[in-house]
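>>> For reference, the sequence and a predicted model appear below.
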Amino acid sequence: MAGFQRITMSDQDPTPFGRVLLAGEVSDAEPLVPGPLHSLPGTVISLVTAGTGFYRHADRRTEPIVAPSLTVVLPGERHWYGTHPGERWSEWFVVVEGPAFDVLRQTGRLTWSGPRPLPRGVRPADLALLLRGAPPRSGAEQQIWALAGWLSSALAPPVDDETARWDRAARLLSEDLPARLEMRDVATRLDLEYDRFRRVFRDRFGRSPLAYRNDRRLEAAATLLRATNLTCREIARRIGFSDEFHLSRRFRSRYGVSPTGYRTGSEPPS
């Protein structure tokens, strides 16, 4: 199949949070980019998923782009990027503007233009899904927030392997709360001996893995009590307690108030 370059969105109507000025896809083709240097009024996001090329700064310095690679360009910054003549790559690109993206610069998350490695855990497919076509008018704001959220994740500081391992441990313990989860199985998934897993987890999080998971259950219970009309029996079932009495005992121990008192606000904490 021959490669192609196409525009998927162009000059959308503004929303209170921003808008897409231009978006598109390059699939196994030589990208068509104006040269030698140019600037755009919005923030440029380019995600190269296959192939290689280079980025040229305003001072003519060049940096290599090797997939998977994210390139972000500040508004008004003179630049050029693409493949060497006759070479191909695959890319998703978008130019955006508005408050949702300005905040990334104001908070110091985005301070320079150029290519950078795509952080581990940031999925190219998520950006591709957002850029495949213009949403209906009612979905434009959600698309802008989703794009800003994806970019924010992609600009997050790199995480070392050890921190990533314990972040994964916390995530595993916070997922699928109704399910029975053996702590030894979690240790195995993290490629750790069980005793070391328990010891280091307690040092990092201030409680045992099982206590951490039970805390996540109780936090979920508190949210469901405030945000839904589910009965205590239904909530207990959804978050993995054997019955509403077990939930009530644990909830009172954690929050100093019964689930019913927490829901109504009628029972002050002890």
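Good, I have the coordinates.
>>> Now do the residue most central in space within the chain against residue 109, distance only.
Among the residues of the chain, residue 153 comes closest to the average C-alpha position under Cα atoms, centre = their mean, at 4.6 Å. To residue 109, residue 153 is 10 Å away according to Cβ to Cβ, to the nearest Å. Quick note: C-beta positions are derived from backbone N, CA and C, even for glycine.
>>> Contact partners for the closest residue in space to the residue nearest to the centre of the chain that isn't next to it in sequence?
Of all residues not flanking residue 153 in the chain, residue 122 sits nearest, at 5.4 Å (Cβ to Cβ, 6 or more residues apart in numbering). Contacts for residue 122 were tallied using Cβ atoms under 8 Å, 6 or more residues apart in numbering; they are 70, 150, 153-154.
>>> Mind telling me what element the closest residue to residue 89 other than its chain neighbours is part of?
Spatial nearest neighbour of residue 89, excluding adjacent residues (Cβ to Cβ, 6+ apart): residue 51 at 2.8 Å. Assignment of secondary structure by DSSP states H and E places residue 51 within strand 43-56.
>>> Give the other helices and strands that that strand contacts.
Applying 3 or more Cβ pairs under 8 Å, 6 or more residues apart in numbering; DSSP states H and E, we find strand 43-56 packed against strand 62-66, strand 69-73, strand 80-82, strand 89-97, helix 124-131, helix 140-154.
>>> Now the ones you listed in a markdown table, please, with extra columns for distance to residue 176.
Shown next, in a markdown table, are the helices and strands packed on strand 43-56 (distance: least, Cβ to Cβ, whole Å):
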| stretch | distance to residue 176 |
| --- | --- |
| strand 62-66 | 37 |
| strand 69-73 | 31 |
| strand 80-82 | 42 |
| strand 89-97 | 32 |
| helix 124-131 | 21 |
| helix 140-154 | 22 |
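>>> Turn these into CSV, columns for mean pLDDT and distance to residue 262.
What follows is those, written out as CSV (pLDDT from 0 to 100; distance: least, Cβ to Cβ, whole Å):
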stretch, mean pLDDT, distance to residue 262
strand 62-66, 95, 53
strand 69-73, 96, 44
strand 80-82, 96, 54
strand 89-97, 96, 42
helix 124-131, 91, 36
helix 140-154, 91, 31
